[in-house]
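1. Make a model of this:
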Amino acid sequence: MRIVCLALALAGLAQAGDFHTGQAARAVIGQSSFSAREAGISANALSLARGRLYAAERDRILAFDVSNPCALCGLAPISIINQSVMSGVSAVAVLGKVVVMADAASHRVLIWRSTTPNAGVIGPIQPDVVLGDSTVEPVSVAYDGHRLFVGDASQHRVLIWNALPNTDNRPADVVLGQSDSAPGAASVGMPAALVSDGTNLFVADTENRRILVFSAGDIDLSENDIVNSATLLPAPLAPGTLVTIRAVGAANDSEAADPVSSGPLPTQLAGVEVYLNGEPLPLLSVSPGEIQAQLPYDLGSGNSGSLYLRSFRDGGSVLVSSAAAVRFVPASPGIFAVGQMEPRNGLLLHTSEEQDEDGSPAKGAPITSDNPAAPGERVTVWANGLGFIGDDTDLPVSAIINGEPAEVISARLPRGAVGVYEVVIALPAHFWARREARLQLVQNSVPSNTVIFPVQVSQ
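-> Next comes the predicted model:
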């Protein structure tokens, strides 16, 4: 795996993609998860050399091997050098004859485009370009020969210009980070130091004592593109949830997992792989428009993750998406349904009090307008995102029909099922003057989508 990952990293350096506004970090260094805020690393300067990332703290320098793009949370340093580092390292980036300087006190960034980098002559010479904004507090800068990066402390973000600006006060092309105070894969606390290798941007987030790794992507992927396959709504998502990833252009062909195989689901279909926190996800299907995958049941202790795609193309090229943030919760119930308009038609089955071979209630024909549900009968609902493992729920599930509570007989994940739960509900004894009922599940105080199903009117 290390050889493959290193090859992909080198391929990415040869032809980098783009950064996209709002994208998440692909990796985090110094914390066990994207939402953790532990001892960590409080770097005030970063540097890259030969696949090593060097992070300078007040009294030491830590070196990390970042040549392997699969490494993610809690990456351990390969060496630590105790050294006195001057506090308040200047925010200056120098490359060739380009000098970029952050002037936080005056809320501006100064750019010299053709100045020999000599500290003795930079001061008297007027800058070629001045980027100024009274709301911006530039505390860090980086320049990779192509893009300009500026860390904005006041707005908890990183501003990116895809080319070195040649006019004053030109707005940024891309914005990373958000004002959310909680640490996550898409948030930036204090961007105290920046460094870029042309593909990856390393951000020293001293507020959250970590280093974030943002990677340029060929495919734009956002949090809203990752939805619960039942509700069709984005995060937050629960352990084990089946997700639909809307990623146009990620695949040229369609491929589905073998429906009769008893083995684990594949992690690559139609040349596409999906990674969550650096680990490949099992895939159900891939098409040119979307990907069906399953989240793991063990999501660790964090409540935020990072998801991205890899697409292997003919000729050996590899496309990589930008990373998207995924928020985790214990339960995110959803009812599978069909149709375009909400509320959609729920996928419900008639159910008897007899039992199947595995001990579950015996299921019959689908509930349709020609074969509606009867008052008082038991029905089986196919659900997603209930977040428990085993034959019964860890978090109780309740049901609401036409605004009134309904009895839940059982809620379970059948053995061998891939993320599809069976919830058996006892229908009310009467449905007055209605031929259509509305159903909603609730778990851990989180409501599901509302679905409709046909019923017989009570006599």
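2. Going along the chain, name the strands of the stretch 101-250 of the chain.
-> Assigned by DSSP state E, counting those that start in this stretch, the strands in the stretch 101-250 of the chain fall at 108-112, 129-132, 138-143, 148-152, 157-161, 174-176, 191-196, 200-205, 210-215, 226-228, 242-246.
3. swap in the stretch 351-459 of the chain?
-> 361-366, 378-384, 397-401, 404-412, 421-426, 436-443, 446-447, 451-454.
4. Tell me which of the strands of the stretch 101-250 of the chain lies nearest to Pro333.
-> Evaluated over these, closeness to Pro333 peaks at strand 226-228, with 8.9 Å, by Cβ to Cβ. All C-beta spots, glycine's among them, are computed from the backbone N, C-alpha and C.
5. helices or strands next to that closest one in the packing?
-> Under the contact criterion of 3 or more Cβ pairs under 8 Å, 6 or more residues apart in numbering; DSSP states H and E, strand 226-228 touches strand 242-246.
6. Show me what the following helix or strand past the strand it packs on packs onto, helices and strands only.
-> Using DSSP states H and E, the next helix or strand after strand 242-246 towards the C-terminus is strand 255-256. If contacts are counted by 3+ Cβ pairs under 8 Å, 6+ apart, strand 255-256 sits against strand 283-286.
7. Buried residues, the strand it packs on. List them.
-> Using 16 or more other Cβ atoms under 10 Å as the test for burial, strand 283-286 gives Leu283, Leu284, Val286.
8. partners of the helix or strand following it, with directions?
-> Downstream of strand 283-286, the next assigned helix or strand under DSSP H and E is strand 290-294. Here strand 290-294 has these sheet partners by DSSP bridges: strand 242-246 (antiparallel), strand 283-286 (antiparallel).
9. before we move on, back to that, any chance of the strands of the stretch 101-250 of the chain in TSV, plus mean neighbour count, mean pLDDT and distance to Pro333?
-> Output for these, formatted as TSV (neighbours: other Cβ atoms under 10 Å; pLDDT from 0 to 100; distance: least, Cβ to Cβ, whole Å):
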stretch	mean neighbour count	mean pLDDT	distance to Pro333
strand 108-112	22	87	48
strand 129-132	18	88	47
strand 138-143	24	92	43
strand 148-152	27	95	39
strand 157-161	22	96	34
strand 174-176	21	96	32
strand 191-196	24	94	37
strand 200-205	26	95	34
strand 210-215	27	94	32
strand 226-228	23	97	9
strand 242-246	21	97	12
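10. Distance check, Gln340 against Val227.
-> 15 Å (Cβ to Cβ, to the nearest Å).
11. what bridges to the residue most central in space within the chain?
-> In the chain, the C-alpha nearest the mean C-alpha coordinate belongs to Ala325, at 2.6 Å (Cα atoms, centre = their mean). Beta bridges link Ala325 to Ser306 when assigned by DSSP bridges.
12. domain parsing for the protein?
-> Domains of the chain are assigned by automatic domain parsing as 2-215, 223-327, 334-454.
13. weakest of these in terms of mean pLDDT?
-> Note on these: lowest mean pLDDT is at domain 2-215, with a mean of 78.
14. Give me the distance from that one to the chain's centre.
-> Relative to the chain's own centre, domain 2-215 is displaced by 21 Å; criterion: Cα atoms, centre = their mean, to the nearest Å.
15. before we move on, what about stretch 336-349?
-> 27 Å.
16. Show me what the helix or strand harbouring Asn345 is packed up against.
-> Per DSSP H and E: Asn345 is located in strand 344-346. Here strand 344-346 touches strand 337-338, strand 451-454, going by 3+ Cβ pairs under 8 Å, 6+ apart.
17. Each with direction, which strands does the longest one pair with?
-> In this case it means strand 451-454. strand 344-346 (parallel), strand 436-443 (antiparallel).
18. okay if I get these as TSV plus mean neighbour count?
-> Shown next, in TSV, are the strands paired with strand 451-454 (neighbours: other Cβ atoms under 10 Å):
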stretch	mean neighbour count
strand 344-346	20
strand 436-443	21
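19. Reformat those strands as a markdown table; add distance to Leu62.
-> Below are the strands paired with strand 451-454 laid out as a markdown table (distance: least, Cβ to Cβ, whole Å):
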| stretch | distance to Leu62 |
| --- | --- |
| strand 344-346 | 52 |
| strand 436-443 | 43 |
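20. which one of these lies closest to Ala105?
-> Among the strands paired with strand 451-454, the nearest to Ala105 by Cβ to Cβ is strand 436-443 (51.8 Å).
21. mind checking how far the closest residue to Leu131 other than its chain neighbours is from Leu201?
-> In space, and not counting its chain neighbours, Leu131 is closest to Val109: 4.2 Å by Cβ to Cβ, 6 or more residues apart in numbering. Distance, Val109 to Leu201, by Cβ to Cβ: 16 Å.
22. Equivalent analysis for Ala105, please.
-> 25 Å.
23. Please apply the same query to Phe431.
-> In terms of Cβ to Cβ, Phe431 sits 58 Å off from Leu201.
24. Met341: neighbour count?
-> Neighbours of Met341 under the rule other Cβ atoms under 10 Å: 6.
25. try Arg50
-> 5.
26. backbone phi and psi for it, please?
-> phi 50, psi 50 (degrees, to the nearest 10).
27. residue contacts, Val213?
-> For Val213, the contact set (Cβ atoms under 8 Å, 6 or more residues apart in numbering) comprises Ala25, Arg26, Ala27, Val28, Ile29, Val66, Asn200, Leu201, Phe202, Val203.
28. What's opposite the closest residue to the first one other than its chain neighbours in the beta bridge?
-> Setting aside the residues directly before and after it, Ala25 is nearest to Leu212 in space (Cβ to Cβ, 6+ apart), at 4.0 Å. The residues listed as beta-bridge partners of Leu212 by DSSP bridges are Val28, Val203.
29. Contacts only, for Trp363.
-> Just so we're on the same page, residue 363 is Lys rather than Trp. Here Lys363 is in contact with Leu349, His350, Thr351, Asp356, Thr380, Glu422 (Cβ under 8 Å, 6+ apart).
30. Enumerate every residue touching the nearest residue to it once chain neighbours are set aside.
-> Once flanking residues are discounted, Lys363 sits nearest to Leu349: 4.6 Å by Cβ to Cβ, 6+ apart. Neighbour list for Leu349: Lys363, Gly364, Ala365, Pro366, Ile367, Val379, Thr380, Trp382 [criterion: Cβ under 8 Å, 6+ apart].
31. hang on, Leu349 is in a helix, isn't it?
-> No. Counting by DSSP: H, G, I helix; E, B strand; the rest coil, Leu349 is not part of a helix but strand.
32. That one and Val457, how far apart?
-> 21 Å.
33. The closest residue to Ile335 other than its chain neighbours: what's it in contact with?
-> Distance criterion Cβ to Cβ, 6+ apart; nearest residue to Ile335, sequence neighbours excluded, is Val451 at 4.8 Å. With contacts defined as Cβ under 8 Å, 6+ apart, Val451 is in contact with Ile335, Ala337, Pro343, Arg344, Asn345, Gly346, Arg438, Leu439, Gln440.
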